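[1] Sequence first, then the predicted structure, then my questions.
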Amino acid sequence: MPDVRNYARSGRSRWELADDPGARRASIPFHRRLRRPARSSAVVPRRPHPRPTRPARACAPEDRPVFAVSGMVSWRSRNGAPMNPTDRASGPRLLAELKARCGDLARVRDRLRPQATYEATLRQVDTYFSVQRGRLKLREVAAHPAELIYYERSDLAAVKPSRVYLANTEDPSALRVLLGAVLGIRARVTKTREIWRWEGVRVHLDLVEGLGSFVELEETVDELEALGKALNHLERLQADLGIRADDLVDRSYGDLS
């Protein structure tokens with residue numbers, strides 16, 4: 001039996017009110033009836049919240065981030081600016097190389113002339129930055145694009161492999177200041193480099209300020225399987241140039257400075 005309230009106020013019995021729906025509603029105080037609005041059985045659909053749309057930007061291959069040194073990506077790609085081809089990173093490159101002290105560069109030059117091709121003489125300034133692994137340096141050459149170079153190799157006084165990453169930059173001064181502030185500068189090396197090409201090998205005759213004269217041999221290989229052959233090749237050229245095992249250097253110019 002439903003509970004009908006205020007039946008005493010209406011002057012009718014509880015049972016009479018129960019049988020008369022209109023009387024039941026009239027017996028409810030007006031202010032309470034206002035609190036009970038009639039509910040509609042119709043379902044009102046909710047309006048979906050409009051989501052902002054972002055127009056898709058066509059991304060050409062040259063706009064994609066390609067600069068990757070120590071976890072960095074080119075600011076041009078992140079901000080939507082087209083990348084300049086000179087900002088591209090190359091690598092990694094796999095090299096076989098050796099470095100040796102040389103007290104007589106003229107003697108080595110005389111051995112190269114009959115069989116090698118002279119390419120250029122450059123004055124290079126290398127700024128080495130402090131990194132926990134490998135070596136990172138910025139190379140500046142007059143009238144040539146500057147290069148940010150990161151490489152990993154063992155500190156062995158022998159013919160050895162190395163892995164090198166290169167990235168050209170149009171603003172070496174700003175990059176030098178930025179990396180110096182973030183990483184710290186280890187050394188600054190200035191040298192005159194004479195470049196020869198011999199049997200596919202780059203031969204460097206270096207005169208380094210404060211360190212003396214050196215010979216470097218570098219051969220680039222396309223795949224890891226060819227590395228052993230390249231190492232053997234450099235050992236043969238080392239013997240042809242008269243470079244002794246005692247003259248081989250295990251460290252970079254930045255480490256020697």
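    Okay, I see it.
[2] what about the host helix or strand of residue 193, average pLDDT?
    For residue 193, the host element (DSSP states H and E) is strand 185-198. Mean pLDDT, strand 185-198: 98.
[3] Let's verify residue 110: helix, strand, or coil?
    At residue 110 the chain is in helix, as set by DSSP: H, G, I helix; E, B strand; the rest coil.
[4] Look at it and say how many residues are nearby.
    A count of nearby residues for residue 110, using other CB atoms under 10 Å, gives 10. To be clear about C-beta, it is placed using only N, CA and C from the backbone, and glycine gets the same treatment.
[5] need the helices for this structure, in chain order.
    In the chain, the segments counted as helices under DSSP state H are 7-10, 14-19, 21-26, 30-34, 75-78, 105-112, 172-183, 227-240, 253-256.
[6] now the strand holding residue 193 and helix 227-240, what's the angle there?
    Counting by axes from the mean of the first three to the mean of the last three CA atoms, to 10 degrees, strand 185-198 lies at 80 degrees to helix 227-240.
[7] any idea how far the closest residue to residue 212 other than its chain neighbours lies from residue 211?
    With CB to CB, 6 or more residues apart in numbering as the criterion, residue 212 has its nearest non-adjacent residue at 6.6 Å, and that residue is residue 101. From residue 101 across to residue 211, the span is 9 Å (CB to CB, to the nearest Å).
[8] can you check residue 239 too?
    Residue 239 sits 25 Å away from residue 211, going by CB to CB.
[9] which of those two has more neighbours?
    Between residue 239 and residue 211, residue 211 has the larger neighbour count (other CB under 10 Å), namely 15 against 10.
[10] Surely the more buried one is in contact with residue 256?
    Yes - counting by CB atoms under 8 Å, residue 211 sits close enough to residue 256 to count as a contact (5.6 Å).
[11] and the strand holding residue 193 with helix 105-112, angle?
    Using the same axes, to 10 degrees: strand 185-198 against helix 105-112 is 30 degrees.
[12] In contact with residue 216, which residues are there?
    If a contact means CB atoms under 8 Å, 6 or more residues apart in numbering, then residue 216 has 97, 98, 99, 100, 202, 203, 204, 206 as its contacts.
[13] mind running it again at 7 Å?
    97, 99, 204, 206 (CB atoms under 7 Å, 6 or more residues apart in numbering).
[14] And residue 202, by the same measure?
    195, 218.
[15] any weak-confidence spans in this structure?
    Judged by pLDDT under 70, the chain has its weakly predicted residues at 1-91.
[16] domains for it, by residue range?
    Here the domain parsing of the chain from automatic domain parsing is 7-34, 88-256.
[17] Specify the beta-bridge partners of residue 204.
    residue 195, residue 216 (DSSP bridges).
[18] Scan the contacts of residue 216 and report the most crowded one.
    Highest neighbour count within these, by other CB under 10 Å: residue 99, with 24 neighbours.
[19] Now that residue: closest residue in space that isn't a chain neighbour?
    Residue 99's closest residue in space is residue 249 (CB to CB, 6+ apart), at 4.5 Å.
[20] Same check on residue 198?
    Going by CB to CB, 6+ apart, residue 198 has residue 116 as its nearest residue, at 3.7 Å.
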